[in-house]
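A.B. asks: Next input, structure requested:
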Amino acid sequence: MSLSTLRDKVVVITGAGSGIGRALALRSAGGGAHLALSDWDAYGLAETVRLVEQAGASTQVPKVRHDVVDVSDRAAVAAWAAGVVEEFGTVNLVVNNAGVTATGDFTELTYEDLDWILGINFHGVVHGSKEFLPHLIASGDGALVNISSLFGLVSVPGQSAYNATKFAVRGLTEAIREEMLVAGHPVTVTCVHPGGIRTGISRHGRKAPGLDGARIDALFEKKLARMSPDRAAEIILDGALAGKARVLVGVDAHVIHHFAKLAGSRYQDVVARITSRMPLR
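C.D. replies: Take a look at the predicted model:
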């Protein structure tokens, strides 16, 4: 049995304090779901809760639980998951959405930068999947959604660390889906690959020394981030309820993904030539 509606279901969302996570929370609440939200940013998370309640969801019906959680902290995620299950009794949909960027050539990024982005983007998804998956199985109609990226399908220079984490999320998610199918568990598993979405991910990310952070942020926000978080959330939730294995979000995601499939490994040469004309220092 697969998840077909959000009404009266328990939806867990990480990175709910802004961007796609906030939009997912608002859309899920609008669909009648109970929410368990987390973010490392207490202020952003509180604003999401305020907006959810303002949109018509009270803290009783549907219920809204919110916790400040660092998804890179395994013990913190385990404690959060236990608290969510104790309060709601079940979990139906989990969206591992929390993510960050670290921009810069691989030779310029520090080990601290690499540990930071791996901890949030990959280990955060590992922790969320590991802690909640048994409860999704027990629910009888569970859905696991892990947010990768267009950069989990193609690589770009200056995003080696981000690429690594998002390719890892893709591999993990696709394997979990296969395992659910083999075991016959009632859980659909969806890997999501958003293109440019209008969020603050670039502004809040790390940049290697010598890079022009303002120029990078402006390039992302004015040229690349075409889709609203709300539209992205709609596509993601529709894909989850349909039980899709892969969801591409945005025209850019579709176009670049199909171009890379047609070009094979030569897409890397094309991408290198294009990005060499975009000075970021």
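A.B. asks: contacting residues for the residue lying closest to residue 157 once chain neighbours are set aside?
C.D. replies: In this structure, residue 157 finds its nearest non-sequential neighbour in residue 275, 5.3 Å apart by CB to CB, 6 or more residues apart in numbering. Where you see a C-beta, it was placed from the backbone N, CA and C, and this is true even at glycine. Contact analysis of residue 275 by CB atoms under 8 Å, 6 or more residues apart in numbering lists 156-158.
A.B. asks: Which of those has the largest number of neighbours?
C.D. replies: Counting neighbours by other CB atoms under 10 Å, residue 158 leads the contacts of residue 275 with 21 neighbours.
A.B. asks: ok, which stretches of the protein are helices?
C.D. replies: 19-30, 42-54, 74-88, 111-117, 124-139, 160-183, 213-218, 229-241, 251-263, 267-275 (DSSP state H).
A.B. asks: and residue 10, which of these is closest to it?
C.D. replies: For residue 10, the closest of those is helix 74-88, at 4.6 Å, according to CB to CB.
A.B. asks: Would you mind naming the residues that bridge with the residue nearest to residue 236 when sequence neighbours are not counted?
C.D. replies: What sits nearest to residue 236 in space, not counting adjacent residues and going by CB to CB, 6+ apart, is residue 192, at 5.4 Å. With DSSP bridges applied, residue 192 shows beta-bridge pairing to residue 147, residue 247.
A.B. asks: Spit out the contact partners of residue 192.
C.D. replies: Counting by CB under 8 Å, 6+ apart, residue 192 makes contact with 145-148, 236, 239, 246-247, 249.
A.B. asks: circling back: want to try TSV for the contacts of residue 275, with pLDDT and distance to residue 228 as columns?
C.D. replies: Listed next are those as TSV, based on pLDDT from 0 to 100; distance: CB to CB, whole Å:
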residue	pLDDT	distance to residue 228
156	94	23
157	94	28
158	94	25
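A.B. asks: with those in mind, which one is nearest to residue 226?
C.D. replies: The shortest approach to residue 226 among the contacts of residue 275 belongs to residue 156, at 16.7 Å (CB to CB).
A.B. asks: Could you check how far residue 204 is from residue 276?
C.D. replies: Counting by CB to CB, to the nearest Å, the gap from residue 204 to residue 276 is 26 Å.
A.B. asks: actually residue 141, not the one I wrote
C.D. replies: Counting by CB to CB, the gap from residue 141 to residue 276 is 49 Å.
A.B. asks: Hmm, residue 163 and residue 156 touching each other?
C.D. replies: Yes: shown here, residue 156 and residue 163 form a contact pair, counting by CB atoms under 8 Å, at 7.0 Å.
A.B. asks: Where in the protein is the helix or strand with the lowest mean pLDDT?
C.D. replies: helix 213-218 (a mean of 84; mean pLDDT, DSSP states H and E).
A.B. asks: then that helix to CSV, C-alphas only?
C.D. replies: The C-alpha trace of helix 213-218 is given here as CSV (Å, rounded to 0.1, in the frame of the first residue of the first chain):
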residue,chain,number,x,y,z
GLY,A,213,30.7,35.8,-2.8
ALA,A,214,28.4,38.7,-3.9
ARG,A,215,28.9,37.8,-7.6
ILE,A,216,28.3,34.1,-7.0
ASP,A,217,25.1,34.8,-5.0
ALA,A,218,23.9,37.3,-7.7
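A.B. asks: What are the buried residues along it?
C.D. replies: Residues of helix 213-218 classed as buried: 216-217 (neighbour count, 16 or more other CB atoms under 10 Å).
A.B. asks: which residues touch it?
C.D. replies: 103, 202-203, 207, 280.
A.B. asks: And stretch 194-209, by the same measure?
C.D. replies: Stretch 194-209 has contacts (CB under 8 Å, 6+ apart) with 18-20, 99-105, 108-109, 113, 116-117, 147, 149-150, 213, 216-217, 220-221, 224-229, 232, 248-253, 256.
A.B. asks: could you point out where the protein is predicted with low confidence?
C.D. replies: 1, 56-61, 278-281 (pLDDT under 70).
A.B. asks: So which residue is smack in the middle of the protein?
C.D. replies: Nearest to the geometric centre of the chain sits residue 97, at 2.6 Å (CA atoms, centre = their mean).
A.B. asks: Relative to residue 121, how far out is that one?
C.D. replies: 11 Å.
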